[in-house]
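Asker: build me a model from this:
(2 chains)
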Number of protein chains: 2
Amino acid sequence: MSVTAPQGFVAAGLAAGIKESGDPDLALVSTASGRAVPAAGVFTANLMTAAPVLVSQDHLGSTAGKAAAVVLNSGNANAATGAPGRADAERTCAAVAADLGCAEDEVLVCSTGLIGIPLPVEPLLGAVDELVAGLTGDDAGGAAAAEALRTTDTARKEAVARAGDVTVGGMAKGAAMLAPSMATMLAVLTTDADVDPPTLQRVLSAAVDGSFNALLTDGCTSTNDTVLLLASGEAGPVDEDDLARAVAEVCTSLAEQMADDAEGATKVVRLTVAGAASDAEARTGAERIARSLLCKCSWYGRDPYWGRLASELGSAGIAFDQERVSVTYGGVTVAAGGVTVDHDGAAVASHMDGRHLEITCDLGLGDGTATVLTNDLTHAYVDENMGTS
Amino acid sequence: MSVTAPQGFVAAGLAAGIKESGDPDLALVSTASGRAVPAAGVFTANLMTAAPVLVSQDHLGSTAGKAAAVVLNSGNANAATGAPGRADAERTCAAVAADLGCAEDEVLVCSTGLIGIPLPVEPLLGAVDELVAGLTGDDAGGAAAAEALRTTDTARKEAVARAGDVTVGGMAKGAAMLAPSMATMLAVLTTDADVDPPTLQRVLSAAVDGSFNALLTDGCTSTNDTVLLLASGEAGPVDEDDLARAVAEVCTSLAEQMADDAEGATKVVRLTVAGAASDAEARTGAERIARSLLCKCSWYGRDPYWGRLASELGSAGIAFDQERVSVTYGGVTVAAGGVTVDHDGAAVASHMDGRHLEITCDLGLGDGTATVLTNDLTHAYVDENMGTS
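Answerer: I've put the predicted structure just below:
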């Protein structure tokens, strides 16, 4: 259940031949009517911005926040491809628009895959008729679209949440380069709420901040990150707070699925820095630890080496007093006042053996707190990324 | 040839029993006279500051830049050890001072090894008499001291440079956690130049900036980083610029030895970012790439995947125009104007197969430039760091 769960949406996915493997690589999510509805987007902060990101931003601007469809491909990021890459992205939108009967700028476009290689646009364009013909509003349509987004993802990522009569559905891809802001991640959300574009954008931006932007696997920010939300209006109006909760729920679920599927990871770490001088400083500290190769290797080795965490906090550029810091693994405090304290080593070892780690560092200075989701650094991660992927 | 190369210095090293392995773990560098001479230091910026760093900073302050000796141990960092750790560092200085016949605050102290574990100070103190008795001014003394600094270093690190009649010698340890500012690195330099403490500090700070602070292996800044320079005065006065060049030469050699010996590394990468809006922005961009897990894995895989480098520059928070960026491997330009260009793939592949990579990214925006030394991310690095080390 994903993007076709809300009323008024159809989806499809197929193999267009962009991937050499022949796996599915082209997806489409559209309104069932083919008409544009309110739409919102959050995009990568990377200035090495991929062509589809530039085109989707342009389109959302020229329509003042309306879209009829999102076309997505995996297997090629259409990034570092210059003016020809932007032309390819525009042609993709135009082909979909022609079949749906909407304007070109009412189609948004996302790509994920290799950087710096021209998009194989001819096989993509050649598959658009079949893609549009295959659009369905059932679960299979949503599943086919989510399947076609996968690159190194081991499973498709889908989520659904409800707010009264309103439904929010979403699909995503992302298994590496997951870092604030966002990651190599694409997500398309749909809802049948009746809501105007500015409200939709506000709800989406807030949800992304608390979910995808709190996910940091390997510290790399991609060129293509895009999160889109379309609202068909078919289920009628909804309280904004209720919609915000449902959108946040879907985003959080998708982010957790990404953390669970991070390339080569054996651990999903929920890392909280508390007691900081401010929430922003807590976030800086948590991100510093989440980016630390030494900390990530420790987690892989199931080693509760708290000194490495404290050392990162001490060099994070935030307020820090080594005589106040404490560290807790799975609720067991191993260090307090900046030194090791007596603790139940067996309980800590048992926690470190699990797949999900809960680590808290308390700076003892103030009320600032932040939580990030991150992963360990493993042999398999190195294997995955030592070649082009 | 290292710290005993300049006139007026003696050194020794032995196994005191701090390391469980029984390997050498205690070193001493002293003036031959046992009297204090001008001294300068540069210390870690990590606020999780280790006890020996705090004590050495205090001592250099109370003596206004004089020292007679530096005592160093490996096997334990005496970090995250609280007030007892500082007392242990002071007792170590006092024991050495008693044997040399100098004041306690004329002895500096450095430690490297595990964090968060009390220093085994009794075996250390028990070995001081033998250590002092073993001090010699020949090469063997310097070599024994350098040997006793090693933790995961595969070889001792020594260097010597000359400026007219003046000699500068140095020894260091460091094989991981090498990042600005500095690293888990200790270095002791000696010179027989006749120079006052303020000049010595100026010369040392400048040399560290261009050498150890341009070295970034895994992005972690340690709790213990210390570089010290003592000047016996026995070779007479020297032009400050000449001394600065010799000190920089020794620091650069030691930094290069560290990069060559980085934990698990198969590549030493000299990475230059040019054409930036400023030198500071170039440095930010180079450090961003040097910290990137994806770039580091690419180097390990001998993969000239320039899109990963450009993606890091685009998200480094510096001025960036994707249509101006170019990337060169070993002098061969693989991308220009933000897109892949025709190039000699065989020449690039051959360069990527070597141990020493030269990579330049030109942002095409200004005159800012910076170079860092860094390494690849390998299975062996993960092995080395998944446990406590």
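Asker: next one: the lengthiest helix in chain A to chain centre, how far?
Answerer: What stands out as the longest helix in chain A, according to DSSP state H, is helix A:240-260. The chain centre lies 10 Å from the centre of helix A:240-260; the measure is Cα atoms, centre = their mean, to the nearest Å.
Asker: swap in stretch A:84-96?
Answerer: 24 Å.
Asker: cool, and stretch A:326-333?
Answerer: Average the C-alpha atoms of stretch A:326-333, do the same for its chain, and the two points are 29 Å apart (Cα atoms, centre = their mean).
Asker: next up, the contacts around the closest residue to residue A:173 other than its chain neighbours.
Answerer: In space, and not counting its chain neighbours, residue A:173 is closest to residue A:149: 3.9 Å by Cβ to Cβ, 6 or more residues apart in numbering or on different chains. Where you see a C-beta, it was placed from the backbone N, CA and C, and this is true even at glycine. Going by Cβ atoms under 8 Å, 6 or more residues apart in numbering or on different chains, residue A:149 touches A:13, A:27, A:72, A:74, A:112, A:156, A:171-173, A:186.
Asker: same thing but at 7 Å, please
Answerer: The contact partners of residue A:149, by Cβ atoms under 7 Å, 6 or more residues apart in numbering or on different chains, come to A:27, A:72, A:74, A:171, A:173, A:186.
Asker: please apply the same query to residue A:309.
Answerer: Shown in contact with residue A:309 (Cβ under 7 Å, 6+ apart): A:289, A:295, A:327, A:361.
Asker: how about those in TSV, adding neighbour count and secondary structure?
Answerer: Shown next, in TSV, are the contacts of residue A:309 (neighbours: other Cβ atoms under 10 Å in any protein chain shown; DSSP: H, G, I helix; E, B strand; the rest coil):
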residue	neighbour count	secondary structure
A:289	25	helix
A:295	27	helix
A:327	26	strand
A:361	25	strand
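Asker: tell me the phi and psi of the closest residue to chain B within the stretch 51-200 of chain A?
Answerer: Nearest residue of the stretch 51-200 of chain A to chain B: residue A:115, at 2.9 Å (Cβ to the nearest Cβ). Per-residue torsions, residue A:115: phi -100, psi 150 (degrees, to the nearest 10).
Asker: what's the distance between it and residue A:78?
Answerer: For residue A:115, the distance to residue A:78 (Cβ to Cβ, to the nearest Å) stands at 9 Å.
Asker: do the same with residue A:52
Answerer: From residue A:52 over to residue A:78 (counting by Cβ to Cβ), the distance is 6 Å.
Asker: and the longest helix of chain A, what does it pack against?
Answerer: strand A:157-163, strand A:166-173, strand A:186-193, helix A:197-210, strand A:368-375 (3 or more Cβ pairs under 7 Å, 6 or more residues apart in numbering or on different chains; DSSP states H and E).
Asker: out of these, deepest packed?
Answerer: strand A:186-193 (a mean of 30; mean count of other Cβ atoms under 10 Å in any protein chain shown).
Asker: and that one, which strands flank it?
Answerer: Here strand A:186-193 is paired, per DSSP bridges, with strand A:166-173 (antiparallel), strand A:226-236 (parallel).
Asker: can you redo the ones you listed as CSV with distance to residue B:123 and mean pLDDT?
Answerer: CSV is the format used below for the strands paired with strand A:186-193 (distance: least, Cβ to Cβ, whole Å; pLDDT from 0 to 100):
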stretch, distance to residue B:123, mean pLDDT
strand A:166-173, 56, 93
strand A:226-236, 58, 94
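Asker: on that earlier part again, what's the burial count for the closest residue to the residue of the stretch 51-200 of chain A closest to chain B other than its chain neighbours?
Answerer: Of all residues not flanking residue A:115 in the chain, residue B:307 sits nearest, at 2.9 Å (Cβ to Cβ, 6+ apart). If you count neighbours by other Cβ atoms under 10 Å in any protein chain shown, residue B:307 ends up with 24.
Asker: again, but for residue A:130
Answerer: Counted with other Cβ under 10 Å, residue A:130 comes out at 13.
Asker: who touches both of residue A:52 and residue A:78?
Answerer: Counting by Cβ under 7 Å, 6+ apart, the shared contacts of residue A:52 and residue A:78 are A:89, A:111.
Asker: can you list the domain ranges for chain A.
Answerer: A:9-260, A:268-385 (automatic domain parsing).
Asker: most packed of these?
Answerer: domain A:9-260 (a mean of 22).
Asker: need the phi and psi values for residue A:130.
Answerer: phi -70, psi -40.
Asker: does it touch residue A:14 like I think?
Answerer: Yes - Residue A:130 lies in contact with residue A:14 (Cβ atoms under 7 Å); the separation is 6.3 Å.
Asker: now the helices for chain A?
Answerer: Under DSSP H, chain A gives helices at A:51-62, A:82-100, A:121-126, A:128-133, A:139-148, A:197-210, A:240-260, A:279-291, A:293-300, A:306-314, A:345-353, A:379-385.
Asker: angle of the first one against strand A:226-236?
Answerer: Regarding helix A:51-62 and strand A:226-236, their directions subtend 40 degrees when assessed with axes from the mean of the first three to the mean of the last three Cα atoms, to 10 degrees.
Asker: quick check, helix A:51-62 touching chain B?
Answerer: No - judged by Cβ under 7 Å from any Cβ of the partner chain, helix A:51-62 stays clear of chain B, getting no closer than 9.9 Å.
Asker: what angle separates that helix from helix A:82-100?
Answerer: Using the same axes, to 10 degrees: helix A:51-62 against helix A:82-100 is 60 degrees.
Asker: how about JSON lines for the domains of chain A, with distance to residue B:334 added?
Answerer: Listed next are those as JSON lines, based on distance: least, Cβ to Cβ, whole Å:
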{"stretch": "domain A:9-260", "distance to residue B:334": "9"}
{"stretch": "domain A:268-385", "distance to residue B:334": "19"}
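Asker: can you tell me what sits against the longest helix of chain A?
Answerer: By Cβ under 7 Å, 6+ apart, helix A:240-260 touches A:157, A:159-164, A:166, A:168, A:170, A:172, A:174-175, A:178, A:185, A:187, A:189, A:193, A:195, A:199, A:203-204, A:206-208, A:210-212, A:215, A:217, A:229, A:268, A:373, A:375.
Asker: give the full set of residues in contact with the closest residue to residue A:99 other than its chain neighbours.
Answerer: Leaving aside its sequence neighbours, residue A:99 sits nearest to residue A:132 (Cβ to Cβ, 6+ apart; 4.1 Å). Residues in contact with residue A:132 (Cβ under 7 Å, 6+ apart) are A:28, A:96, A:99-100.
Asker: ok, these vs residue B:383, which is closest?
Answerer: For those, the closest approach to residue B:383 (Cβ to Cβ) belongs to residue A:28, at 45.1 Å.
Asker: pull the CA atoms of the worst-scoring helix or strand of chain A on mean pLDDT into CSV?
Answerer: Least confident helix or strand of chain A, by mean pLDDT, DSSP states H and E, is helix A:379-385 with a mean of 79. What follows is helix A:379-385, C-alpha atoms only, in CSV (Å, rounded to 0.1, in the frame of the first residue of the first chain):
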residue,chain,number,x,y,z
HIS,A,379,33.1,-4.3,5.1
ALA,A,380,30.0,-4.6,3.0
TYR,A,381,29.6,-0.9,2.7
VAL,A,382,33.2,-0.7,1.4
ASP,A,383,32.4,-3.4,-1.1
GLU,A,384,29.3,-1.7,-2.3
ASN,A,385,31.0,1.7,-2.8
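Asker: and it, how far out from the chain middle?
Answerer: The answer for helix A:379-385 is 21 Å, by Cα atoms, centre = their mean.
Asker: again with stretch A:322-335
Answerer: Offset of stretch A:322-335 from its chain centre (Cα atoms, centre = their mean): 30 Å.
Asker: and what of stretch A:200-218?
Answerer: So, by Cα atoms, centre = their mean, the centroid of stretch A:200-218 is 8 Å from its chain's centroid.
Asker: can you list the low-confidence ranges for the stretch 101-250 of chain A?
Answerer: Counting by pLDDT under 70, the low-confidence segments of the stretch 101-250 of chain A come to A:175-184, A:216-222.
Asker: nice, that's everything, thank you.
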